[in-house]
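# turn this into a structure:
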Amino acid sequence: MGMDATTFILEIVNFLVLLWLMTRFLYRPLQAAIAKRQQQDAEARQSLQAARAELEAQRAQLAAQQADQEGLRDAAHRQLAVEIEAERTRQLAKLDVELDAERARAEARLAARLAQQAQQQDVAAAQRAQTFLRGYLERLAGPELEQAIIRLFLADLAALPEERRSQLLGSAAAVIEVTSAYETAEPLRREVETALTVQLGTASGFRWQQEPALIAGLAVRLNGHLLEASLAKSLEAFHTSSLAPNQV
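As a prediction, the model looks like this:
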């Protein structure tokens with residue numbers, strides 16, 4: 001079928017109208033929608049980048065905080081190690097002091113026990129020695145030995161220092177007791193009584209009696225004084241000196 005000019009023009013007009021309609025009602029809205037979508041995508045990308053940057057900042061901050069915490073933990077561990085070592089040193093020093101004190105107490109107890117044992121041994125030895133000496137002295141004792149001891153007593157009485165003699169003056173009782181282990185002969189009694197009268201400055205009476213515990217010797221009892229020269233007293237002095245502590 002043929003196409004004339006009018007139809008051709010109408011076709012062109014229709015095309016232009018269709019093009020205007022498509023441009024006005026389809027292309028522009030579509031272009032606006034595309035632009036809006038692009039804007040939204042751009043805004044979404046910006047938001048995503050901002051969020052990513054914030055996450056990176058937070059991660060960096062967390063890493064810094066973690067590093068700080070690691071540093072603090074290491075410092076705390078070092079401080080704890082120092083404190084533990086200091087406490088250990090203090091406890092060891094305290095233990096050393098306690099051990100030294102306990103060692104000193106143990107040594108003191110041991111020394112006291114050894115001293116006590118030594119003293120007990122000394123006492124036992126002194127007692128054995130005293131028993132031994134007493135047995136021999138009792139076997140040696142007799143009137144003759146007692147007379148010799150009384151002679152020594154009279155010699156010591158005559159040689160009394162003036163200070164000691166002054167202490168004895170006036171100390172005689174109404175009756176002076178004179179004790180001996182054996183019966184004293186009358187002449188020797190008179191010598192003793194005369195010597196006592198001279199030294200005491202009085203003529204008091206005398207009462208003689210026997211006391212076997214003296215073993216051999218003489219004892220004169222005055223007011224507050226005892227004058228004795230006997231084997232029993234010598235044994236007592238020996239026992240006392242044996243028990244006395246050693247002096248350096």
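# run the chain-centre distance for the longest helix along the chain.
Scanning the chain for the helix with the most residues, using DSSP state H, yields helix 28-140. Centroid separation for helix 28-140 versus its chain: 24 Å, with Cα atoms, centre = their mean, to the nearest Å.
# following element in sequence after it, please.
Counting by DSSP states H and E, the next helix or strand C-terminal to helix 28-140 is helix 143-158.
# what angle sits between that following helix and helix 28-140?
Following axes from the mean of the first three to the mean of the last three Cα atoms, to 10 degrees, one obtains 110 degrees for the angle between helix 143-158 and helix 28-140.
# list the contacts of helix 143-158.
With contacts defined as Cβ atoms under 8 Å, 6 or more residues apart in numbering, helix 143-158 is touched by 180-185, 188, 191-192, 195-196, 199, 216-218, 227, 229-231. C-beta coordinates here come from the backbone N, C-alpha and C atoms, glycine included.
# what about those, which are in helices?
Per DSSP H, the contacts of helix 143-158 map to helices at Leu188, Glu191, Val192, Ala195, Leu196, Gln199, Leu231.
# now, the most widely separated pair of those residues?
Greatest spatial distance in these: Gln199 and Leu231, 23.1 Å, computed using Cβ to Cβ.
# okay, the two: which has more neighbours?
Leu231 (21 against 17; other Cβ atoms under 10 Å).
# so what's the more buried one up against?
Leu231 sits next to Leu137, Ala141, Ile149, Leu214, Ile215, Ala216, Gly217 when contact means Cβ under 8 Å, 6+ apart.
# and it, what's its pLDDT?
The score at Leu231 is 86. That number is its pLDDT.
# one more: Ala115?
86.
# look up how far Ala124 lies from it.
15 Å (Cβ to Cβ, to the nearest Å).
# cool, and Val192?
38 Å.
# between these two, point out the one with more neighbours.
Shown here are Val192 and Ala124; by other Cβ under 10 Å, Val192 has more neighbours (22 against 10).
# any idea how far Gly71 is from Ile84?
Separation of Ile84 from Gly71 (Cβ to Cβ) stands at 20 Å.
# so what's the residue count around the residue lying closest to Pro212 once chain neighbours are set aside?
Counting by Cβ to Cβ, 6 or more residues apart in numbering, Ala181 is the residue found nearest to Pro212 once chain neighbours are left out, at 5.6 Å. Ala181 is flanked by 25 other residues according to other Cβ under 10 Å.
# same thing with the one 10 residues further on?
Glu191 sits with 15 neighbouring residues when counted by other Cβ under 10 Å.
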